[in-house]
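In: here is my input, please return the structure:
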Amino acid sequence: MDAPPPNRWLMLALGTAAQTSAFVFVYGLPYLIPELRSAEHLTLAQAGAVVATPTAGLLLALYAWGAATDRWGERIVLTTGLGLGTVALAATPAAHGLALLSLLFALAGAAGASVSAASGRVVLGWFPPEQRGLAMGLRQTSTPLSMLVAAVTMPPLAQAYGLRGALAFAAGLCGLMAVLVALCVVDPPRPPKSPAGGERPRSPYREARLWRIHGASALMVWPQFTVGAFGLVYLTDVCGWSAVTAGQFMAVGQAFAAVCRVGAGQWSDRVGSRLRPMRTLAVAVGALCLLLAAFAHVRWVAVPVLIVLCGLSASTNGLSFTSVAELAGPHWAGRTLAVQNTGQNLTASLCPPVVGALIAAAGYGPAFAVAGACALTAIGTLPPRSGRAGGGTTLPRPSARDAATAGGAPSAGSPAPGGPTGR
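Out: Predicted structure coming up:
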């Protein structure tokens, strides 16, 4: 007799918690720069280079973890990655010197890439198409959650217990989630690897559609990081706010971003499309960025627009991830999510130095205008409304059978990620 399907909401909670735990270290490391400099006698430039190593490791490992997920499944990859991250972080108390610390941090970042590649598949695999947008929107709140946890825990831990104490906390989180994932995560069902004719699943990258979604989502990262990275600086430099007040304002914006991600996912489920809401949101983000550029020195206009942009500029993230996974199919979803993560992280890494240089040379208005241009360019980059279904274009209406299984796994008739969702 077949085992009963797991509770899909538990799978969502585990996937979100795994992503949050893995990235507390990545987002928390910048808060440890003072302790890092003091403990290792580093210059500010050296400390900055060390802080960048986890992201470098993550980018280099993303595709490999995605391929491993497609081959061996989500639970094995999540458990292995979180376990390796725990080992790398637990080894830092015995490590001294710039080279060895950088290596361990890069290995921890590379291990954390496993969660980016696999946790989304767990969520998408256990939810039917009409609930995936909401589920992925909830899962994507892991980014603001990890930033929140890092900001609340890492500075006081470093002050009380030093650099190694803060890193031990991050290692403990990863270790705890590795155990929970190993015990509780169940890989979603997949169709056979070869169709009836015996042919291997066709690569989704043979068509331009998937590349266009990758490109559009990378373009949408630019306004998100322009606002996120320089919103506080804008409020202090132009509006004359204190850093504390500006930080509290931006924290409200991050909370709004989490709400917008969930709302956008639920909207996409309701209208039966991922790309239609993404287009509408890109129009709104582009228009608001241009409005902010035009009124950058008019505070009563700029400040409300800035906080709205904090939310809306982050709202399309879950839509694009859900769309590429659905288009790719269950045997390619891990790799496509890895490529999606790689493109977004590369854009996020490039944006701050370029925007900082632009602000220094021309001011905030042109910087916000470039962000608006990126959002509007994303509209034309997205695939056209016509064409092959799937990939987030159209979704089936929920059947009675699907509704009856809403508390557990998708019914046998519910397509897996990337299945024929609109045919």
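In: pull out the buried residues from whichever strand or helix holds G112.
Out: Element membership of G112 [criterion: DSSP states H and E] is helix 98-126. Along helix 98-126, these residues count as buried under the neighbour rule (16 or more other Cβ atoms under 10 Å): 98, 101-126. Just so you know, the C-beta spots here come from the backbone N, C-alpha and C atoms, and that holds for glycine as well.
In: give me the pLDDT for L176.
Out: At L176, the model reports a pLDDT of 96.
In: so it sits against S21, correct?
Out: Yes: L176 lies in contact with S21 (Cβ atoms under 8 Å); the separation is 7.3 Å.
In: more neighbours, those two?
Out: The residue with more neighbours, out of L176 and S21, is S21; 28 against 14, by other Cβ atoms under 10 Å.
In: so that one makes contact with G81?
Out: No: taking contacts as Cβ under 8 Å, S21 lies outside contact range of G81: 11.2 Å.
In: residues near the closest residue to A135 other than its chain neighbours, how many?
Out: Of all residues not flanking A135 in the chain, F127 sits nearest, at 4.4 Å (Cβ to Cβ, 6 or more residues apart in numbering). By other Cβ under 10 Å, 27 other residues sit near F127.
In: next, work out how far apart F127 and E326 are.
Out: Separation of F127 from E326 (Cβ to Cβ, to the nearest Å): 11 Å.
In: ok, L100 next?
Out: Remark: distance between L100 and E326 (Cβ to Cβ) = 43 Å.
In: ok, G73 next?
Out: Separation of G73 from E326 (Cβ to Cβ): 19 Å.
In: which one of these two is surrounded by more residues?
Out: Using other Cβ under 10 Å as the criterion, G73 and E326 rank with E326 on top: 30 against 20.
In: toward the C-terminus, what is the element adjacent to the helix or strand that one falls within?
Out: Secondary structure assigned from DSSP H and E places E326 in helix 317-328. On the C-terminal side of helix 317-328, the nearest following helix or strand under DSSP H and E is helix 333-362.
In: just want the angle from the helix holding G112 to helix 333-362.
Out: Orientation check (axes from the mean of the first three to the mean of the last three Cα atoms, to 10 degrees): helix 98-126 against helix 333-362 gives 120 degrees.
In: so T316 sits against V221, correct?
Out: No: assessed by Cβ under 8 Å, T316 is found out of contact with V221, at 9.4 Å.
In: so which of these two has more stuff around it?
Out: For T316 versus V221, the count of surrounding residues by other Cβ under 10 Å is larger for T316: 31 against 26.
In: relative to L100, how far out is that one?
Out: Plainly put, T316 is 40 Å away from L100 if you go by Cβ to Cβ.
In: before we move on, what about F249?
Out: F249 sits 39 Å away from L100, going by Cβ to Cβ.
In: then V271?
Out: The spacing between V271 and L100, counted by Cβ to Cβ, is 52 Å.
In: pretty sure Y234 contacts A367?
Out: No: under the criterion of Cβ under 8 Å, Y234 makes no contact with A367, lying 9.1 Å away.
In: can you pull the domain assignment for the chain?
Out: The record's domain split for the chain, according to automatic domain parsing, is 8-184, 207-395.
In: of all the ones you listed, which one is nearest R190?
Out: Nearest to R190 among the domains of the chain is domain 207-395; the distance by Cβ to Cβ comes to 4.6 Å.
In: any idea of the mean pLDDT for the closest one?
Out: The average pLDDT within domain 207-395 is 86.
In: how far does that domain sit from its chain's centre?
Out: Centroid separation for domain 207-395 versus its chain: 12 Å, with Cα atoms, centre = their mean, to the nearest Å.
In: ok, stretch 75-84 next?
Out: In terms of Cα atoms, centre = their mean, the centre of stretch 75-84 is set 18 Å apart from its chain centre.
In: CA atoms of it as PDB?
Out: What follows is stretch 75-84, C-alpha atoms only, in PDB (Å, rounded to 0.1, in the frame of the first residue of the first chain):
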ATOM      1  CA  ARG A  75      16.100  15.800   0.100                       C
ATOM      2  CA  ILE A  76      19.500  14.400  -0.600                       C
ATOM      3  CA  VAL A  77      20.800  17.700  -2.000                       C
ATOM      4  CA  LEU A  78      19.300  19.800   0.800                       C
ATOM      5  CA  THR A  79      20.600  17.500   3.500                       C
ATOM      6  CA  THR A  80      24.100  17.300   1.900                       C
ATOM      7  CA  GLY A  81      24.400  21.000   1.300                       C
ATOM      8  CA  LEU A  82      23.200  22.100   4.700                       C
ATOM      9  CA  GLY A  83      25.500  19.500   6.300                       C
ATOM     10  CA  LEU A  84      28.500  20.700   4.300                       C
END
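In: contacts for that stretch, please.
Out: Here stretch 75-84 makes contact (Cβ atoms under 8 Å, 6 or more residues apart in numbering) with 18, 21-22, 65, 68-69, 107, 111-115, 117-119, 122, 174-175, 177-178, 181-182, 185-187, 334.
In: now the helices: where do they sit in the stretch 51-200 of the chain?
Out: All helices of the stretch 51-200 of the chain, identified by DSSP state H, counting those that start in this stretch, fall at 74-90, 98-126, 129-139, 142-184.
In: tell me what angle the third one forms with helix 98-126.
Out: Spelled out, that is helix 129-139. 150 degrees.
In: other SSEs contacting helix 129-139?
Out: Packed against helix 129-139 by the contact rule (3 or more Cβ pairs under 8 Å, 6 or more residues apart in numbering; DSSP states H and E) you find helix 8-28, helix 98-126, helix 243-271, helix 317-328.
In: in the third one, what counts as buried?
Out: I take that to be helix 243-271. 246, 249-251, 253-254, 256-258, 260-269.
In: for the first one, same thing?
Out: Of the residues in helix 8-28, 8, 11-28 count as buried by neighbour count, 16+ other Cβ under 10 Å.
In: angle of that helix against helix 74-90?
Out: 30 degrees.
In: moving along the chain from helix 8-28, name the first helix or strand you hit.
Out: helix 33-40.
In: tell me the mean pLDDT for that next one?
Out: Averaging pLDDT along helix 33-40 yields 80.
In: same question for stretch 182-190.
Out: For stretch 182-190, mean pLDDT is 88.
In: contact partners of that stretch?
Out: Stretch 182-190 is contacted from outside by 5-6, 10-11, 14-15, 73-75, 78-79, 121-122, 124-126, 330-331, 409, 416, using Cβ under 8 Å, 6+ apart.
In: ends of that stretch, how far apart?
Out: 19 Å (Cα to Cα, to the nearest Å).
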